[in-house]
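1. Predicted model and sequence below, questions to follow.
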Amino acid sequence: MAIVKATKTPVRPAPISETSVFGWLQKNLFSSAFNTALTLFTLFVIYLTVSGVYGWGFVDATFEAENRRECYDNSLTGACWAGVIDWFDNIFYGRYPREEIWRINFGGLLLVLWMAPLWMSRVKGKILVGASVVVFYPFLAGYLFAGGDKGLFMQIMVSGAIVAFAINMANAVVSVLRNQGLDAFVIQSLGKNTAPDKTQRNILLLLTAVTFVAAFLWQLSWTATGVSWTKWGGLFLTLVISGIGIASALPGGIILALGRRSKLPIVRILSTGFIEVFRSVPLITVLFMATTMFPLFMPEGFVLNKLVQVIIAVVLFNACYMAETVRAGLQAIPKGQFEGAHTIGLGYWGTMGLIIMPQALKHMIPNIVGSFIGLLKDTTLVSIIGLFDILGMLRSISKDVPWLGLHKEPLVFGAILFFIICFAMSKYSRHLEVKLSAGRKH
Amino acid sequence: MSDKAKTKAEVRIRPKEEFNFFQDQRVRSVFYQLLTAGIVGWLAWYLVSNTAHNLEVRGMNTGFGFINSSAGFDTDFKLIDYTPGIGTFGDIFIIGALNTLLISFLAIILSSFLGFFIGVLRLSSNWLVAKVALAYVEIFRNVPLLIQIVFWYIGVFSLLPRVKQSLDLSFGTERVVLNNRGLYMSTPVPGDLFWLTLVAFVVAIIGAFLYRRRAHKLQDASGKQTKTLLPSLAAIILLPLIVFLVTGMPLEWDVPALKGFNYVGGTSVPPSFLALLVSLSIYHAAHIAESVRAGILSVNKGQSEAALSIGLKPGKVMSMVVIPQAMPAIVPPLISNWMNTVKNSSLAIAIGYSDIVSLFMQTALNQAGYAVEMVGMTMAFYMFISLTISFFLNIYNKRVQLVER
């Protein structure tokens, strides 16, 4: 007779060492005498650091004061945040006229709105959205920030930007609400969805042209007051320089990377030389070269302002780093993709533009975000050559009479600000990396 | 039927291409290259001719003659003899270059050790330690180096006590003192027979090396393990010590002494040096820690499990199995970090440490005004360093690849 168990053995609960907090603590913090000692020591160090920082930065700190003396009257050992708070506007906007600051904020808001559709899953044609940002936004933002008289070119570009922005917004709204593109929606509401493709295209073109004319007439009715670049500063200037830097470094980097991988020896040697020269010297030497030698390079009587010199230097420098990022991205594309493209009869530019680059760029996004973080941090160097970017502003607090000698607090504030921005971006780029590599299992 | 098949086959064969000047690949390749070379050449000519014209109009001096003319300014930190007014701009270049190399070298060593340490801590089984290491990495990587440098300089080293209240770092002997003017250290002054001690030291090292090689050979041949570490260490320490004592301790110390308002004697480094060294080391250690961690993680887990299962102790698993395999993944980013350390040492200019950029590219340039030459020389210096380092990196990479396959 076989012994058969009639009932199921009840499931035993997991051992307490696996489920309880104590089990976790035991395993991760107190697994051995040495580990226990290490944990206690680390806790002690953390306590010292945190209590020191907390005492200096919060408990003993002064948040409201007229000048540094009042801070000292309040507490000798605490931070004097009042100076930083007093300079808040300067830290973020530099010496930009206070009544015009809304233009900077508005420009920032426009960029956020403009790029928001890139993160909406229902919106189609994201490449167009991205391209419209790169092509039109700089002109609109540039005019918003600098102001002054619009030349004809600027009038056209600003109108174009307004049209692109309006279409983009309308498209996003229609996509989210009705899950169809703006073009399809317009055709449908006009009842022309049975009309031939050519008619439909003409209708859309006509509507765009009408919008453009309207925008052009509208922008004639206003002008923004001119603000000289010397008034630009603070975090705003840092973002302008690094924003232009990354936006122009990308196309430059793509060209240089293609040049470096080219089969044509002269093109290859020139690109490689250019990349290696700029990659082997520090950014500060390039900035110095820009300020001391660019004036010599220009034809007589042609003066570049310092901001433009710096931006050119930053763009050249970063294009070379970007080129290496792009090259790494290109190398990761399997050879079969090139061969496949050749097989269907595509030439060099067709292969690169339609097959290789779209794939490579997609997978380079995390690295591009990484480069942007690096560039943002590097942009603080422009304070050395006398631009008042965020670091320049932070350091001038100590030269302001009421806050004479206030060095530490502004620097700590700047460090925290940069940490928040850079840390958030690097977390995001890591998230992207995981997301993109998940869909890339081949 | 066969006719039909034949025509089909004939159709499939690509007709022999006729030579078409505009479609020929070689012609096009030559054309594009000439076009590129032409544009670049024209741009270069344009810039050079503009520069030449501007230099002439502004009456600026050109040529490298200034290298031998005397520079009228002094620097607070120099490794070679230099007197302002007598020393030349060439000397200034050398002083700056040596200062850059010195600070980079020290920062590289410190950041590598600290980085390896933090990188290993990142993988610690102790949760708290791993998180603290993570916090270190994230905090110091995400704050611009320049802010860190300025902070260490203004917020720490400039706030040290004054000369009279110097901090004594040598436990009451006043051999190493720290104050807001810098760090003052005693310098050893070798006596007559001191060279014998050095010789003994070198001999001991060579001896230890040979002994170790023999031990390895013995192990390969017979499997017997000999202890090498203790005898080697003993030889390296004891032999020079005995020689040193026998020759009558021919070594004296030049101790910094407080005279008037400052310390005199010994060696001293300015606060800017210390601030730059500390911030460079901390910043780059955070980067190195990440590459060390990635390198160790890149080694297959099976490797350490297998090593443990044949009875190796955890320490040996790390040093004999994991680290050697992780090295090919660690070394290239490590060396590119070293290169960045050299380049980032140029931020010295923000706090006035006399490195090549602040001394030669700024002070000297402002004084003498040979913009093109001086900027060119400074960039050439950095390029030379980078090329040298990447040359050795390439050699290493080739060797590693050969060993692998």
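-> Sure thing, it's come through.
2. Distance-wise, check A:Q337 relative to B:D81.
-> The spacing between A:Q337 and B:D81, counted by C-beta to C-beta, to the nearest Å, is 62 Å. Using the backbone N, CA and C atoms, a C-beta is placed for each residue, glycine as well.
3. more crowded one of these two?
-> In this view A:Q337 and B:D81 are compared by other C-beta atoms under 10 Å in any protein chain shown, and A:Q337 has more residues nearby, 14 against 9.
4. A:H363 and A:L206: what is the separation?
-> With C-beta to C-beta as the criterion, A:H363 and A:L206 are 40 Å apart.
5. where are the low-confidence patches of the stretch 101-250 of chain B?
-> Counting by pLDDT under 70, the stretch 101-250 of chain B shows low-confidence ranges at B:172.
6. what about the helices in it?
-> Ranges of helices in the stretch 101-250 of chain B, per DSSP state H, counting those that start in this stretch, are B:127-141, B:145-150, B:194-222, B:229-246.
7. what's around the residue nearest to A:G148 when sequence neighbours are not counted, how many residues?
-> For A:G148, ignoring the flanking residues on the chain, the nearest one in space by C-beta to C-beta, 6 or more residues apart in numbering or on different chains is A:G226 at 3.4 Å. Neighbouring residues of A:G226 were enumerated by other C-beta under 10 Å; the total is 10.
8. that older thread, for the helices of the stretch 101-250 of chain B, give me TSV that also has distance to B:N394 and mean neighbour count.
-> As requested, those are exported to TSV (distance: least, C-beta to C-beta, whole Å; neighbours: other C-beta atoms under 10 Å in any protein chain shown):
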stretch	distance to B:N394	mean neighbour count
helix B:127-141	27	18
helix B:145-150	27	24
helix B:194-222	27	14
helix B:229-246	32	14
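9. next SSE after the helix or strand of chain A with the lowest mean pLDDT?
-> When the helices and strands of chain A are scored by mean pLDDT, DSSP states H and E, helix A:16-19 comes last with a mean of 72. Using DSSP states H and E, the helix or strand that follows helix A:16-19 in sequence is helix A:21-28.
10. Buried ones in that next one, by neighbour count?
-> A:N28 (16 or more other C-beta atoms under 10 Å in any protein chain shown).
11. Now do it against helix B:127-141: the angle between them, please.
-> Orientation of helix A:21-28 against helix B:127-141 (axes from the mean of the first three to the mean of the last three C-alpha atoms, to 10 degrees) gives an angle of 70 degrees.
12. Residues in contact with helix A:21-28: which ones?
-> Contacting residues not belonging to helix A:21-28 are listed as A:15-17, B:125-128 [C-beta atoms under 8 Å, 6 or more residues apart in numbering or on different chains].
13. dump the residue contacts of A:V84.
-> A:91, A:397, A:409-410, A:413.
14. Next one: the residue most central in space within chain A relative to chain B, how far apart?
-> Among the residues of chain A, the one closest to the centroid is A:F372, at 5.6 Å (C-alpha atoms, centre = their mean). If you measure A:F372 against chain B using C-beta to the nearest C-beta, to the nearest Å, the figure is 13 Å.
15. Just confirm that residue is within a strand.
-> No. With DSSP: H, G, I helix; E, B strand; the rest coil as the criterion, A:F372 is located in helix rather than a strand.
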